[in-house]
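Participant: pasting the sequence and the predicted coordinates here, then a few questions.
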Amino acid sequence: MTSSSAPAPASSGAPQSSGPLRRLVARGRDETHRVSSPLELFFDLCFVVAIAQAGMQLVHAVAQGHAGDGILDYAMQFFAIWWAWMNFTWFASAYDNDDALYRVVTLVQIAGVLVLAAGISRAFQHHDYLGIWLGYVIMRLAMATQWLRAARSTEGAERTLALRYACGVLLCQVGWLGLLLLPEPARPWVFLVMAIAEMCVPLFAEKDHETSWHPHHIAERYGLFTIIVLGETVAAATVAVKGAFDERNALGELLPIAAGGLLIVFSAWWIYFVVPIHGRLRANGQAFLWGYGHYLIFSSAAAIGAGLEVAVEHTVGKTHISTLSAAAAVTLPTALYLLTVWALHSRHFKVGVAQQLVLPAAALLVICCTFLGDWAAFGAGLVCSAAVAAGVTLTARMVSRERAASATAPAG
């Protein structure tokens with residue numbers, strides 16, 4: 001195991017035994033060298049299947065001319081994926097003791113993720129949410145077990161917090177029965193109400209006592225999941241290249257889509273990881289906004305890949321949509337990604353109006369690329385690359401000016 005496998009003592013200094021079963025007590029927020037464990041990486045890997053399923057169904061819906069319904073279904077299914085990942089990630093950051101029972105319960109949660117992934121296609125095509133609901137039952141029973149273990153291992157305000165979490169996740173699971181029992185027109189409203197209720201559980205549970213999540217660990221976990229969703233765009237660009245070889249008569253049209261997709265995903269990676277965000281995650285107020293806001297980052301990043309596949313299918317004549325709609329399938333999620341990364345990450349590190357305007361201006365230009373038709377993906381890729389170059393140049397100039405000023409200050 002990595003250095004994160006053996007938890008450091010909690011801030012209270014409670015000793016940890018070395019047996020197969022240990023008390024599930026909080027880890028210290030100031031713990032050094034905290035990184036993701038192999039179990040967490042395995043947990044993330046299993047979400048690739050669910051994300052791929054959601055993206056595939058979005059491609060099918062948009063390509064068939066049902067973009068409105070497809071986007072709504074995608075938003076609902078991706079929330080289920082994202083929230084399941086969130087529940088585990090924040091709990092593990094605070095309470096991962098890596099004993100035998102913790103591992104087994106986490107593996108049960110992974111089984112629930114796979115059941116959820118298996119139910120996504122029926123949820124899209126037939127609005128049958130039984131598979132997703134059953135997957136959540138498995139994950140929620142396991143998650144409640146973890147919280148009850150934590151409650152048994154502590155006392156006072158922290159015990160109350162753990163019990164609130166356990167009760168909250170179980171009650172919300174009962175509420176999701178509305179997706180199975182209520183008429184189809186009411187289900188989007190059930191989703192909206194229950195999504196709000198889900199996001200209120202941590203706010204209620206931690207109102208008197210905060211979990212000891214680790215800022216650097218959380219930032220790393222979110223970064224790893226960002227790489228996973230960007231992987232969908234890499235896969236879509238690969239599909240475009242393969243299509244270029246298979247469809248020799250469309251080679252000239254498919255290669256710009258592949259090149260644009262690669263430029264977009266390279267730029268998306270650069271823009272997200274250029275700044276170390278963990279330094280700003282010090283309190284729940286900041287962390288909740290940052291963590292919840294990543295729903296838009298994750299879903300838009302995965303949707304870029306789906307949009308590229310739509311563009312490829314449109315180029316080879318397999319869709320029933322206009323060129324403008326196919327272009328928008330790429331440009332709109334790309335613009336949303338740029339704006340949300342700017343709002344949650346970049347703006348905190350930008351100095352001056354010019355630096356602050358780079359990503360919002362790039363998002364606007366990407367939207368304008370929609371009207372380039374078959375060259376929209378390539379144009380969006382060039383804009384994203386130019387945004388990276390502009391950001392690097394402006395930062396370098398600022399650093400040079402600061403160095404020059406510091407060098408001349410003693411002489412003055």
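Facilitator: Perfect, thanks for sending it. Residues are numbered from 1 along each chain as shown.
Participant: lowest average confidence across helices and strands of the chain, where is it?
Facilitator: Least confident helix or strand of the chain, by mean pLDDT, DSSP states H and E, is helix 215-246 with a mean of 83.
Participant: tell me what the helix or strand that comes right after that one is packed against?
Facilitator: Using DSSP states H and E, the helix or strand that follows helix 215-246 in sequence is helix 251-273. Helix 251-273 sits against helix 215-246, helix 284-315, helix 323-344, helix 376-408, with contacts defined as 3 or more Cβ pairs under 8 Å, 6 or more residues apart in numbering; DSSP states H and E. Any C-beta I mention is one placed from the backbone N, CA and C, and that applies to glycine too.
Participant: wait, what's in contact with the closest residue in space to residue 372 that isn't next to it in sequence?
Facilitator: Distances taken as Cβ to Cβ, 6 or more residues apart in numbering place residue 379 nearest to residue 372, at 4.7 Å, with adjacent residues excluded. By Cβ atoms under 8 Å, 6 or more residues apart in numbering, the residues touching residue 379 are 260, 369, 372.
Participant: now render the helices and strands packed on helix 251-273 as JSON lines, adding distance to residue 199.
Facilitator: Output for these, formatted as JSON lines (distance: least, Cβ to Cβ, whole Å):
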{"stretch": "helix 215-246", "distance to residue 199": "16"}
{"stretch": "helix 284-315", "distance to residue 199": "6"}
{"stretch": "helix 323-344", "distance to residue 199": "16"}
{"stretch": "helix 376-408", "distance to residue 199": "30"}
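Participant: looking at the ones you listed, which is nearest to residue 78?
Facilitator: helix 284-315 (4.6 Å; Cβ to Cβ).
Participant: could you tell me how far the closest one lies from the centre of the chain?
Facilitator: Averaging C-alpha positions (Cα atoms, centre = their mean, to the nearest Å) puts helix 284-315 7 Å from its chain's average.
Participant: going by neighbour count, list what's buried in that helix.
Facilitator: 284, 287, 290-291, 294-315 (16 or more other Cβ atoms under 10 Å).
Participant: what's near enough to touch the closest residue to residue 271 other than its chain neighbours?
Facilitator: The spatially closest residue to residue 271, leaving aside those adjacent along the chain, is residue 341, at 5.6 Å (Cβ to Cβ, 6+ apart). Residues near residue 341 by Cβ under 8 Å, 6+ apart: 268, 271, 272, 297, 359.
Participant: name the nearest of those residues relative to residue 35.
Facilitator: residue 272 (18.4 Å).
Participant: neighbours of the closest one, how many?
Facilitator: By other Cβ atoms under 10 Å, 21 other residues sit near residue 272.
Participant: same question, the one 10 residues further on
Facilitator: Using other Cβ under 10 Å, residue 282 has 11 other residues around it.
Participant: can you check residue 59 too?
Facilitator: 25.
Participant: over to residue 363?
Facilitator: That count, for residue 363 with other Cβ under 10 Å as the rule, works out to 24.
Participant: can you tell me how far it sits from residue 395?
Facilitator: 19 Å (Cβ to Cβ, to the nearest Å).
Participant: got the contact list for stretch 253-263?
Facilitator: 233-234, 236-238, 240-241, 243-244, 247, 304-305, 308, 311-312, 315-316, 330, 374-382, 384-385.
Participant: which residues are in contact with the closest residue to residue 224 other than its chain neighbours?
Facilitator: Ranked by Cβ to Cβ, 6+ apart and with sequence neighbours excluded, the top spatial neighbour of residue 224 is residue 44, at 5.9 Å. For residue 44, the contacting residues are 85, 221, 224, 225, 228, by Cβ under 8 Å, 6+ apart.
Participant: spit out the contact partners of the third one.
Facilitator: Okay, so that is residue 224. Counting by Cβ under 8 Å, 6+ apart, residue 224 has contacts 36, 41, 44.
Participant: low-confidence ranges in the protein?
Facilitator: For the chain, applying pLDDT under 70 flags the ranges 1-19, 240, 243-245, 247-250, 278-280, 283-284, 402, 409-412.
Participant: how close does the residue sitting nearest the centre point of it get to residue 54?
Facilitator: What sits nearest the mean C-alpha location of the chain, by Cα atoms, centre = their mean, is residue 298, with 3.3 Å. Distance of residue 298 to residue 54, computed by Cβ to Cβ: 11 Å.
Participant: shared neighbours, those two?
Facilitator: With Cβ under 8 Å, 6+ apart as the test, residue 298 and residue 54 both reach residue 78.
Participant: which residues touch residue 169?
Facilitator: Residues in contact with residue 169, defined by Cβ under 8 Å, 6+ apart, are 87, 140, 143, 144, 147, 201.
Participant: what's the answer for residue 201, then?
Facilitator: Contacts for residue 201 (Cβ under 8 Å, 6+ apart) come out as 164, 165, 168, 169, 172.
Participant: if you set the cut-off to 7 Å instead, what comes out?
Facilitator: 165, 168, 169, 172 (Cβ atoms under 7 Å, 6 or more residues apart in numbering).
Participant: secondary structure element holding the first one?
Facilitator: Taking DSSP H and E as the definition, one finds residue 165 inside helix 156-175.
Participant: now do the buried residues in that helix.
Facilitator: Using 16+ other Cβ under 10 Å as the burial criterion, the residues of helix 156-175 that qualify are 158, 160-169, 172-173.
Participant: tell me the one among the residues you listed nearest to residue 123.
Facilitator: Checking these one by one against residue 123 (Cβ to Cβ), the nearest turns out to be residue 173, at 16.5 Å.
Participant: list only buried entries from the contacts of stretch 253-263.
Facilitator: Using 16+ other Cβ under 10 Å as the burial test, those include 233-234, 236-237, 240-241, 243-244, 304-305, 308, 311-312, 315, 330, 374-382, 384-385 as buried.
Participant: could you double-check that the residue nearest to the centre of the chain lies in contact with residue 81?
Facilitator: No: Residue 298 is not in contact with residue 81 according to Cβ atoms under 7 Å; the separation is 8.5 Å.
Participant: rewinding a little: counting neighbours, which of the contacts of residue 379 comes out on top?
Facilitator: Result: residue 260 is most packed of the contacts of residue 379 (other Cβ under 10 Å), 29 neighbours.
Participant: for the nearest residue to residue 273 once chain neighbours are set aside, give its distance to residue 233.
Facilitator: Once flanking residues are discounted, residue 273 sits nearest to residue 223: 6.5 Å by Cβ to Cβ, 6+ apart. Computed as Cβ to Cβ, the residue 223 to residue 233 distance reads 16 Å.
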